[in-house]
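Asks: model the following, please.
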Amino acid sequence: MTAVAHTPTSSTPQQPVGLRGAGLDYLSRLRGGDVGSLPAVLGLVALITVFSILRPHTFTNSFNFANLINQGAAVIVIAMGLVFVLLLGEIDLSAGYAAGTCGGVTGIVMTRHDWPWWLSILTGLFTGVVIGTGIGLLVARLGIPSFVVTLAAFLGLQGVLLKELGEGGAVAYRNNIVNGIMNKNLPIWLGWTLFVVCVAGYALVSLRRLASRRASGLVSQDISVLWAKVLTLAILLGAATYYLSIERSRNPRITSIKGVPDVVPLLIILLVGLTFVLTRTPFGRHVYAVGGNSEAARRAGINVATVRLACFIICSTLAAVAGILLGSRDNGITPSSGGSSTLLYAVGAAVIGGTSLFGGKGRVIDAILGGLVVAVIDNGMGLLNRTSGVVFITTGCVLLVAASVDALSRKRAAATGRV
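Replies: Sure, this is the predicted structure:
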C-alpha cells in the first residue's frame, strides 16, 4: 500500500501561537521594517519619564494629567481626519482653519441667532462636509495636487474666519452643554463604567476574532496572548481612571474637580468608529489599496476618485468636530482659532504616531499616540518655562525623527520583500 502524505488545507487547524511565538513574530516584523507605533510609544514613555523627573510635583499631578487630555483633544481629532488623507499619500493643509471656520459658524448661529445647541453643532458639521466636498472635487475630479488646493483653502478659510468674526472680533459660546464638553467631567461611577465597557468590549471583540480565525483554519494566537493584551489594557486604563478620579481642585471645599473629562468618551467613540471603518468595511480596504497603488486599485475596479473625495470629506468633518472642541475649551472662537501651530501639530501627531507620509500605512490610533506626544512636549516645556521657540524646535525635531523612521522602515521593508 502506498503511503499518501497529508497536505494541510484551509480546514486544517493551525497550531495557536503562544506568548513566545508572538514575541518572536513581532521581533521578525520589526527587523523587516514594520515598526508600527513603537517609536511613538517609546518616545511617549521617554518624554513622560524626563518631565516627571524634572517637574515631579507639577507634571505628574492629576490636574495636569487631565489638562493634557483637554489640551491635546482638538489636535488629536484633526489628526484622525488627516490619517485618512495621508493614507492616500495626500495632504490637507486647510484642516486647521477649517476647524476654526466651522467652530465660528457654530458659535454665530448658536449665540448671535439663538439656534438650539444641537442644531448649531449640526450646522458646524455640515460646514465641514461642504469644505471637504469642495476640496475633494478639485483634487479627485480635476486632478489638482492636494498641496495646492489645500494651501489655497488654508488662505481662503483664514479670510472667511476673519469675515465671520470681524477684524479682532470673536464669538462667544454661551451654552453650558457645549462648553461642558471640554470643561466638565464625568461622575466617578460613570468613569469606572466607561473603563469596564472599554476593557470588556476589547476582550469580546478579540475573542470573537480569535474564534473566527480558528474556525477558518487560520493561524491564530494562543488565548494566553489575548489575555495578556486585555490585562495590559486594563492596567493602563484602570490606572488612568483611578488617577483622574482623585480630587484635583486646589480648593475642594469651594469647587470639586474630579472624574474623567467629558471629552474622553467622544475620543473613544471616534477611535472605535473610525477604526471599524478602516479595518472592517470595503471602503477602508479601498482606502489602503488606493494609498498603496492607485493604478492597481483602479484596475481592480475601485472608484479611486470617489475614495479620495470621501477621505477629504471625512477629514474636514472631523476638523469641524475639532473646531467645536476648540470653541468649547476657550468658551468661544477667535480669528486665531485653528491657526498658528494647530495644523502643524495635527500633521505631526499623525506622522509621529506611525502614519506614513507615503500612503498606504497608518491607523486611527496613531493620531492619539502622536497627539499625546505633541501634547506632552508642549505641556512639559511650558512647565519648564521654555519659550515657544524651544517648543517648536523640539516638536520639529521629533517630527523629523518620525519621518526618518518611516522612510528607513519602508526601505527595510522593500529590501526584505514585505511591501
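
Asks: ranking helices and strands of this structure by mean pLDDT, which lands last?
Replies: helix 19-31 (a mean of 64; mean pLDDT, DSSP states H and E).

Asks: residue ranges with poor pLDDT in the stretch 301-419 of the chain?
Replies: 406, 410, 412-419 (pLDDT under 70).

Asks: where do the helices sit along it?
Replies: Here the stretch 301-419 of the chain has its helices, by DSSP state H, counting those that start in this stretch, at 304-330, 342-353, 364-383, 388-415.

Asks: whatever helix or strand comes next after the least confident helix or strand of the chain packs against which elements?
Replies: Using DSSP states H and E, the helix or strand that follows helix 19-31 in sequence is helix 38-54. Here helix 38-54 touches helix 342-353, helix 364-383, helix 388-415, going by 3 or more Cβ pairs under 8 Å, 6 or more residues apart in numbering; DSSP states H and E. Where you see a C-beta, it was placed from the backbone N, CA and C, and this is true even at glycine.

Asks: Arg250 belongs to a helix, doesn't it?
Replies: No. If the criterion is DSSP: H, G, I helix; E, B strand; the rest coil, then Arg250 is coil and not within a helix.

Asks: quick check: it vs Asn379, distance?
Replies: As judged by Cβ to Cβ, to the nearest Å, Arg250 and Asn379 stand 18 Å apart.

Asks: Cys198 and Gly238 touch, don't they?
Replies: No. Cys198 lies out of contact with Gly238 (Cβ atoms under 8 Å); the separation is 10.2 Å.

Asks: which sections of the stretch 51-200 of the chain are below the confidence cut-off?
Replies: Along the stretch 51-200 of the chain, the model assigns pLDDT under 70 to residues 167-168.

Asks: got a list of what Val290 touches?
Replies: 88, 297, 302, 304, 307-308, 359 (Cβ atoms under 8 Å, 6 or more residues apart in numbering).

Asks: what's the closest non-adjacent residue to it?
Replies: Among residues not flanking Val290 along the chain, Ala297 sits closest, at 4.6 Å (Cβ to Cβ, 6 or more residues apart in numbering).

Asks: ditto for Glu247
Replies: Lys258 (4.9 Å).

Asks: SS state for that neighbour?
Replies: Secondary structure, three-state DSSP: Lys258 is coil.

Asks: for it, give me the backbone phi and psi.
Replies: Main-chain torsions, Lys258, degrees, to the nearest 10: phi -160, psi 160.

Asks: does it touch Ser249 like I think?
Replies: Yes. Counting by Cβ under 8 Å, Lys258 touches Ser249, with 7.5 Å between them.

Asks: would you map the helices across the stretch 51-200 of the chain?
Replies: Assigned by DSSP H, counting those that start in this stretch, the helices in the stretch 51-200 of the chain fall at 62-87, 95-107, 117-140, 146-165, 176-183, 188-215.

Asks: picking that back up, neighbour count for Arg250 and Asn379, which is higher?
Replies: More crowded of Arg250 and Asn379, by other Cβ atoms under 10 Å: Asn379, with 22 against 9.

Asks: now do the contacts for that one.
Replies: Applying Cβ under 8 Å, 6+ apart, the residues near Asn379 are 51, 59, 64, 67-68, 71.

Asks: separate out the buried members of these.
Replies: Buried residues within the contacts of Asn379, counting neighbours by 16 or more other Cβ atoms under 10 Å: 51, 59, 64, 68, 71.

Asks: tell me which of the residues you listed is nearest to Val45?
Replies: Phe51 (11.3 Å; Cβ to Cβ).

Asks: nearest spatial neighbour of that closest one, skipping sequence neighbours?
Replies: Gly380 (3.7 Å).

Asks: hmm, the one you found is touching Leu47, no?
Replies: Yes. The criterion here is Cβ under 8 Å, and Gly380 meets it with Leu47 at 6.6 Å.

Asks: more neighbours: which of the two?
Replies: The residue with more neighbours, out of Gly380 and Leu47, is Gly380; 23 against 20, by other Cβ under 10 Å.
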